[in-house]
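Engineer: Provided below are the primary sequence and the corresponding predicted coordinates.
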Amino acid sequence: GLHYKAVNVSLRLADYHLQNYFSSSAMQELRNAARRLATLDFLQKYIASPDEWTQRLQLQYIWLLEHCGHFARSFASDDLWRDRGHACGDDVISLLRDVDDAFSFKDYCKQFEITLNDPFPQATRGMVSLQTLSAIVRPFKLERSNAEEHVEAAIAVLSKQGQLLRDKRQVLVASCISYSRAILALQNILEEPESSQKTSRQESTETEVKPFVLDLLRKRLGDACNETGKVLLDALRKLLTGSSGGANTESTNLAARALLDSAEFWFDYGLKAFGECKDLRNLALLRCNLCQCYKLRTNTGFVEKANASSHVESCLEEACHHLEAAHEAMGQRDVDPLTWDMVSHELAATFLVLAVRRRQSLLGGGNAPILFQSLRLNPGKERSIMEPMEKALKIYEQLGNAHQAAAVHYQLALTNSKVWTCQRDESKTREKLSAAFQHYNMAFHYFSTSLRGNEATFVLLCLDLASLYAAVSGEECLMKALSRCLDTYNVFSPESVELALKDNKQPKEWLENMKTLADSVEERVFKLLRSLNKLEGQKYKDAYREGLTAKMATSHEQEGDPRAASLFTLHRVLIAVRAKFND
């Protein structure tokens, strides 16, 4: 009894020390509790009625493991453990190993023998344990010989991380192991036959708290697994953005595959833990992280050339399924509006990326309409492009995100403008052409009133809309095409250019991009004016002449940044042509 109370006192003291960042005292009390608990298990056989102590000792063991997991998880997320507690990652890992060693003598620690067999070595094929905390698991879809090569490359990449990042990753893995062992021990108690629990029935408060404790431990395990996966994803992103072509490309691809598979393993394990405790919010957040995994898997380093297109689409489809499952689990927005909206934004963006990818695969790039009936899509393939875009549009409209809704309208317009020329009959042709104009006008309405920050998008939109008008014969359509090009005049004004250069983080690149677009606008305007000149009408000839005059004229008092002189020249041309038509 005294030993039992001494363990309780040590655990209470450890709890107090952990709350106050007294790392040395907390580690000392946790080690004392582990040693006394192991001794208690040995002394059980000398007690007259040992069965009544069995569950008490098991609950103390769970409490001890929970403290160990909490210490490791807290150390990974709180820098005060270094600043105030003067602890390092090796101290935490050493503590958890010492606690594990205290129960490693199976000759007299039989009470805890089953809980020492935690599920991680089995789930990871021996890759993760308290002795191997790299967090890397063997890619399951590869043969053992090939997988070892991937694992070694990934471990080599992680070994180059700074000390703080390495400590964070390792203590997170250690906390996952502690939480999983605590869960296994508590499940072992709950699964005991009814007869074996009669001796401890008098402790009703302990019996009532067990289901709550099990859910709490599962939440903490899910959280630790989620953080471990995020650490590996961060390492993967740094590897992919920092790598360059050359001799290191092969090793980079090997390491990237193992890092991504390992991150996905930890997310899946956390997903299982959150699912068992029905934590809907964290389930949704974790599915968002799994969605990021599948999006990263579309990177060229993970794609085989033979089936690149189908691989990318299958990854994006799987990402959509995870996000839809998150919505399905939550049921309705009122459960957690912030999480619901975050998942909705991610789902809409994934739908849009999937649709654009399918369009590029089936119809090619650009906005030129299909000219050959042999290239016409069957209804199923066309629907596979349109449906994800329409779903994305519906989500953005529900969220009130006008900017992204306009972007989806733009993509829908581009899709309809490519397929309207190859429909099975005239009615479908008119339907697709009308839909293209409708979506273009919806996008035009938004971007024309929200120019700041969207200058390049607005110019591209006007050029694409002008191309569609020009593709339909007739003077009226040519005039509308010209009108859309002239609507870009405000983008190239000195005031707009000056604001854009101040707002943009990369003004040089923005300026080069706008110069390219300005050349396209100028070429399109004069081409349309020449087409209109072929028709009868003096005003078209006068407008063409005014445009050439404005282009050739030099301004003695140049306004704005001299680097954008070509933009200001186009602005004068557009103003001159507009003025002629307004007269």
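Structural biologist: Cool, the structure landed. All values reported here derive from a predicted model rather than from experimental measurement. Numbering: from 1, shown residues only.

Engineer: Going by contacts, tell me the helices and strands next to the helix or strand containing residue 174.
Structural biologist: When elements are assigned from DSSP states H and E, residue 174 belongs to helix 163-190. Applying 3 or more C-beta pairs under 8 Å, 6 or more residues apart in numbering; DSSP states H and E, we find helix 163-190 packed against helix 51-77, helix 89-102, helix 113-116, helix 119-123, helix 144-159, helix 204-242. Where C-beta positions appear, they are placed from N, C-alpha and C, glycine not excepted.

Engineer: low-confidence ranges in the stretch 201-350 of the chain?
Structural biologist: Scanning the stretch 201-350 of the chain for pLDDT under 70 picks out the ranges 201-210, 243-248, 300-308.

Engineer: At which residues are the helices of it located?
Structural biologist: 204-242, 249-277, 280-296, 308-330, 337-363 (DSSP state H, counting those that start in this stretch).

Engineer: got the CA positions of stretch 486-496 in CSV?
Structural biologist: Below are the C-alpha coordinates for stretch 486-496, written out as CSV (Å, rounded to 0.1, in the frame of the first residue of the first chain):
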residue,chain,number,x,y,z
LEU,A,486,-10.4,49.0,-75.2
ASP,A,487,-11.7,48.3,-71.7
THR,A,488,-8.2,47.5,-70.7
TYR,A,489,-7.1,51.2,-71.0
ASN,A,490,-7.3,51.8,-67.2
VAL,A,491,-4.9,49.0,-66.5
PHE,A,492,-2.1,50.7,-68.4
SER,A,493,-2.7,54.2,-67.0
PRO,A,494,0.2,55.8,-65.0
GLU,A,495,-1.8,55.8,-61.8
SER,A,496,-2.7,52.1,-62.0
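
Engineer: Report the rounded mean pLDDT for it.
Structural biologist: Averaged across stretch 486-496, pLDDT comes to 91.

Engineer: That one: which residues count as buried?
Structural biologist: By 16 or more other C-beta atoms under 10 Å, the buried positions in stretch 486-496 come out as 486-489, 491-493, 496.

Engineer: And for stretch 252-272?
Structural biologist: Under the neighbour-count criterion of 16+ other C-beta under 10 Å, stretch 252-272 has 252-271 buried.

Engineer: Alpha carbons only: can I get that stretch in PDB?
Structural biologist: In PDB, the C-alpha atoms belonging to stretch 252-272 read as follows (Å, rounded to 0.1, in the frame of the first residue of the first chain):
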ATOM      1  CA  THR A 252      16.000  13.600 -54.200                       C
ATOM      2  CA  ASN A 253      13.300  11.600 -55.800                       C
ATOM      3  CA  LEU A 254      14.100   8.600 -53.700                       C
ATOM      4  CA  ALA A 255      14.000  10.600 -50.500                       C
ATOM      5  CA  ALA A 256      10.900  12.500 -51.500                       C
ATOM      6  CA  ARG A 257       9.000   9.200 -52.100                       C
ATOM      7  CA  ALA A 258       9.800   7.900 -48.600                       C
ATOM      8  CA  LEU A 259       9.100  11.200 -46.900                       C
ATOM      9  CA  LEU A 260       5.700  11.500 -48.600                       C
ATOM     10  CA  ASP A 261       4.700   7.900 -47.800                       C
ATOM     11  CA  SER A 262       5.800   8.300 -44.200                       C
ATOM     12  CA  ALA A 263       3.800  11.600 -43.800                       C
ATOM     13  CA  GLU A 264       0.800   9.800 -45.300                       C
ATOM     14  CA  PHE A 265       1.300   6.900 -42.800                       C
ATOM     15  CA  TRP A 266       1.300   9.200 -39.800                       C
ATOM     16  CA  PHE A 267      -1.800  11.100 -41.100                       C
ATOM     17  CA  ASP A 268      -3.600   7.800 -41.600                       C
ATOM     18  CA  TYR A 269      -2.700   6.600 -38.100                       C
ATOM     19  CA  GLY A 270      -4.000   9.900 -36.700                       C
ATOM     20  CA  LEU A 271      -7.100   9.600 -38.800                       C
ATOM     21  CA  LYS A 272      -7.800   6.200 -37.200                       C
END
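
Engineer: Residue 459 and residue 488 touch, don't they?
Structural biologist: Yes. Contact criterion C-beta atoms under 8 Å: residue 459 and residue 488 qualify, at 5.2 Å.

Engineer: So for these two, which residues contact both of them?
Structural biologist: Taking C-beta atoms under 8 Å, 6 or more residues apart in numbering as the contact rule, residue 459 and residue 488 both touch residue 521.
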